[in-house]
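S.K.: I'll drop the sequence and a predicted model, then ask my questions.
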Amino acid sequence: MKRLLLFFVLLSAFSLRTMADENADYAMNMKQAFELFSEGDYESALSKFGQAERQMTASSSQSDTLYYLSLAMQGRCHNLMENVGQAFEMMQKACAAFEKNYGNNTIHYAYLLDNLCVYCFKANRLTEAEEYSTQALNIFYRYLTNAAGMRAALLHAAETKDALKKYDEAIALQQHALNIISNLAGEHNSSYIDELRYQAKYYRHAGKEDEAKAVDAEIEKLQEEREYGYVPIMTEFDTTEKCMEHRVDAYYCCRYYLSH
């Protein structure tokens, strides 16, 4: 995919169980695996995640949140090592493990589905990618309206729709993602400007040259303002609805503060 916004928020899932079992061998292996992963040593991390998975299987600990996480992270490692088929296989196992213990209607399950969408897209399995993307978004729509994880899923969905030549759907999904980026980071954020370029591309694929040119002009305007300065619009939290839009941001800020 153009940009692997895998944003998995696996660390968010990781917080479901904050290593309460610090003395367990598999918990220690998971900790070491995450350290290796963060250092970019994906092959060694893959080995450690696999070791933790086998230990949990041997001790009948498949109901532990770390079990599905070990599978999902093996998928991440395979993906980053360009083993797309194995990445997809491990992520499918992670979905099955998660669904068995926690159901298929939670935000964390949506993140897993979004990763399946990405892996299918990379393997040019576009119909499957669209199916997983739709499932992920249906969950996100029920719970979130303004979160970075939903933004990533929308961008992946838009790219999948574009590849399937469903251009109007791609444009609508991309616009929703742009709205979220604007709300979270502002229109002068580099991510917002980068995604505008994809929106222009989708308009052109749909034969809507006038709309594409308007987006091009907006990109040029924002880039000039980034270079020469601009006065940002202040956000006023003057309604309950406005506060609710940023409830996820507040959660992550609190979690960051409490964990550092």
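M.R.: In hand now; what should we look at?

S.K.: What's the per-residue pLDDT of the spatially closest residue to residue 160 that is not a sequence neighbour here?
M.R.: In this structure, residue 160 finds its nearest non-sequential neighbour in residue 129, 4.8 Å apart by C-beta to C-beta, 6 or more residues apart in numbering. Every residue, glycine included, has its C-beta placed from N, CA and C. As predicted, residue 129 sits at a pLDDT of 96.

S.K.: check contacts around residue 129.
M.R.: Residue 129 makes contacts with 116, 117, 118, 120, 121, 156, 160, as judged by C-beta atoms under 8 Å, 6 or more residues apart in numbering.

S.K.: Next, format those residues as CSV and append distance to residue 242 and secondary structure.
M.R.: Putting those into CSV (distance: C-beta to C-beta, whole Å; DSSP: H, G, I helix; E, B strand; the rest coil) gives the following:
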residue, distance to residue 242, secondary structure
116, 34, helix
117, 31, helix
118, 32, helix
120, 37, helix
121, 35, helix
156, 28, helix
160, 32, helix
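
S.K.: between these, which is nearest residue 50?
M.R.: Using C-beta to C-beta, residue 116 comes nearest to residue 50 of those, at 19.6 Å.

S.K.: Would you mind stating the distance between that closest one and residue 106?
M.R.: Remark: distance between residue 116 and residue 106 (C-beta to C-beta, to the nearest Å) = 15 Å.

S.K.: Residue 183 now?
M.R.: Relative to residue 106, and taking C-beta to C-beta, residue 183 is found at 23 Å.

S.K.: I figured residue 230 hits residue 188, correct?
M.R.: Yes. Judged on C-beta atoms under 8 Å, residue 230 makes contact with residue 188 at a distance of 6.5 Å.

S.K.: Show me which residues of the helix or strand encompassing residue 227 are buried.
M.R.: In the assignment (DSSP states H and E), residue 227 maps to helix 209-228. For helix 209-228, the neighbour count (16 or more other C-beta atoms under 10 Å) marks 211, 212, 215, 219, 222 as buried.

S.K.: Remind me what that helix packs against, helices and strands.
M.R.: The elements that helix 209-228 packs onto, with contact taken as 3 or more C-beta pairs under 8 Å, 6 or more residues apart in numbering; DSSP states H and E, are helix 190-205.

S.K.: Identify all contacting residues around the helix it packs on.
M.R.: Contacts of helix 190-205 (C-beta under 8 Å, 6+ apart): 2, 155, 158-159, 162, 165, 167, 170-171, 174-175, 177-178, 181-182, 185-186, 209, 211-212, 215-216, 218-219, 222-223, 226.

S.K.: hmm, 7 Å instead?
M.R.: With contacts defined as C-beta atoms under 7 Å, 6 or more residues apart in numbering, helix 190-205 is touched by 155, 162, 167, 170-171, 174-175, 177-178, 181-182, 185, 211-212, 215-216, 218-219, 222-223.

S.K.: Spit out the contact partners of the closest residue to residue 70 other than its chain neighbours.
M.R.: Leaving aside its chain neighbours, residue 70 sits nearest to residue 53 (4.3 Å; criterion: C-beta to C-beta, 6+ apart). Contacts of residue 53 were listed using C-beta under 7 Å, 6+ apart, and they are 67, 70, 71.
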